[in-house]
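**Student:** curious how this folds, go ahead:
(one chain, ligands or ions: 1)
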Amino acid sequence: MTSDMNNVIDLRSDTVTRPTPEMREAMMNALVGDDQYGEDPTVNALEEKSARLLGKEAGVFVASGTMGNLSAVLAQCDRGDELILGDASHILWYESAAPAAVGGVSPRTVRTAADGTLDLDEVAEAIRTPGPGYPPTGLISIENTHNRCGGAVLSIEYLQELKTLAHGQGVPVHMDGARIFNAAAALGVSGAEIASYADTVQFCFSKGLGAPVGSMVVGDAGTMERVRRYRKMLGGAMRQAGVIAAAADVSLDTMIDRLPEDHRRAKRLAEGIAAIPTLTIDPATVQSNIVVFKPEAPLDQLGIVAALREAGVLSNDFGRRGIRLVTHYEITDEGIERALEVLSGVVERMLQGQAIHA
Ligand SMILES: *Cc1c(COP(=O)(O)O)cnc(C)c1O
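**Tutor:** The predicted model follows:
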């Protein structure tokens, strides 16, 4: 374990979590085989368990969320197809233009609303009618919970309407559900209920679930066969991957039920931030484990991130959206209170500094 990090409150992301002792134990004892021969029992069990958990026929274990999203896009789109997705989506922002660069799939963006939804009329308008000059619409991708929208959770009603619209036009739906279990916890429904509104779902073991590596793509058996082929093509077919699948398996058993704790702490964090002058956030909008707040003038956003870091609180500069903080299993109630104290002290000193210069 890295002990140098023990006094640091790392709120940059839920990806920074380290495997639990139980995960390390499981990794040590994992039964393994050659996964490309379909012979790794731990990987096979994880794929089956994940599919069952989300009410789908099959699953494919992949190295990362990016690989999961890309292989799902490739499995459902031909070259020259369009992928409808939000202009604030992770796929558009943080995945190196993979669908276009690797798959020849062009992104057709629709504005992402503050609550993480895509306006259904705009989606309907973006779906192409057939014609030799038009790129066919291959897939619609939604994100749940929504990272850049501060962990916003898509409602079941919305998911239902989007699915009806998409399927009415013969277009499949992919859900970038990196944090689908956070969405489920926030709504008090099962992951399977949420996944039932998408044809394919990608979720991450390496975020709030705390596992060191890996994501899963789930969907019907035929689509997952294609995902498996594209995973290989992308260099993501592994061998004795049971050692990492074992940790992911523990994450499903031990980390899902505790996610409401992260949400409660994110809420407390948001309420504490709202009470600090010149920091803007509406705690009512914090639905899961992501908190985004905006420092108002004369505060300097990058200065705050740097001063927090200096004081042992790590945050993420989120550009025009503000500063992002993410709770996870290594963040305690005490950590939240200390982060708030540090933040409030940083802001106070900055405002005093401004007053002296004025
Ligand atoms: C983290 C994340 C991913 C995938 O990220 P990787 O770093 O490739 O595992 C995809 N979508 C969202 C919304 C994410 O937060």
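**Student:** residue boundaries of the strands in the stretch 101-250 of the chain?
**Tutor:** Using DSSP state E, counting those that start in this stretch, the strands of the stretch 101-250 of the chain run over residues 106-110, 137-143, 173-176, 200-204, 215-219.
**Student:** A184 is in contact with S190, correct?
**Tutor:** Yes. Using Cβ atoms under 8 Å, S190 is in contact with A184, at 6.0 Å. Backbone N, C-alpha and C define where each C-beta goes, glycine included.
**Student:** so where's the stretch 1-150 of the chain uncertain?
**Tutor:** 1-6 (pLDDT under 70).
**Student:** helices along that one, start to end?
**Tutor:** Using DSSP state H, counting those that start in this stretch, the helices of the stretch 1-150 of the chain run over 21-29, 41-53, 65-76, 90-94, 98-103, 120-126.
**Student:** relative to helix 21-29, how tilted is the second one?
**Tutor:** Okay, so that is helix 41-53. Per axes from the mean of the first three to the mean of the last three Cα atoms, to 10 degrees, the angle that helix 41-53 makes with helix 21-29 is 130 degrees.
**Student:** pull helix 41-53 out as PDB, backbone CA atoms only.
**Tutor:** C-alpha atoms of helix 41-53 as PDB (Å, rounded to 0.1, in the frame of the first residue of the first chain):
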ATOM      1  CA  PRO A  41     -12.600 -19.400 -15.100                       C
ATOM      2  CA  THR A  42     -12.500 -16.200 -13.100                       C
ATOM      3  CA  VAL A  43     -13.000 -14.000 -16.200                       C
ATOM      4  CA  ASN A  44     -15.800 -16.300 -17.500                       C
ATOM      5  CA  ALA A  45     -17.500 -16.200 -14.100                       C
ATOM      6  CA  LEU A  46     -17.200 -12.400 -13.900                       C
ATOM      7  CA  GLU A  47     -18.700 -11.900 -17.400                       C
ATOM      8  CA  GLU A  48     -21.600 -14.200 -16.500                       C
ATOM      9  CA  LYS A  49     -22.200 -12.500 -13.200                       C
ATOM     10  CA  SER A  50     -22.000  -9.000 -14.700                       C
ATOM     11  CA  ALA A  51     -24.500  -9.900 -17.400                       C
ATOM     12  CA  ARG A  52     -26.900 -11.400 -14.900                       C
ATOM     13  CA  LEU A  53     -26.600  -8.400 -12.600                       C
END
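**Student:** flag every residue of the stretch 201-350 of the chain that's near the ligand.
**Tutor:** Residues of the stretch 201-350 of the chain lying close to the ligand (Cβ under 6 Å from any ligand atom) are 204, 206-207, 215.
**Student:** neighbour count and pLDDT for the residues you listed - can I get that in JSON lines?
**Tutor:** Shown next, in JSON lines, are those (neighbours: other Cβ atoms under 10 Å; pLDDT from 0 to 100):
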{"residue": "C204", "neighbour count": "27", "pLDDT": "98"}
{"residue": "S206", "neighbour count": "25", "pLDDT": "98"}
{"residue": "K207", "neighbour count": "27", "pLDDT": "98"}
{"residue": "S215", "neighbour count": "26", "pLDDT": "98"}
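**Student:** among these, which two are most distant?
**Tutor:** Greatest spacing in those, by Cβ to Cβ: K207 and S215 (9.1 Å).
**Student:** need the overlap of contacts for those two.
**Tutor:** Common neighbours of K207 and S215, using Cβ atoms under 8 Å, 6 or more residues apart in numbering, are 65, 178.
**Student:** returning to what we had before: quick one, which of S190 and A184 is more surrounded?
**Tutor:** The neighbour comparison of S190 against A184 (other Cβ atoms under 10 Å) goes to A184, with 23 against 14.
**Student:** verify the contact between that one and I194 for me.
**Tutor:** Yes. Using Cβ under 8 Å, A184 makes contact with I194 at a distance of 5.7 Å.
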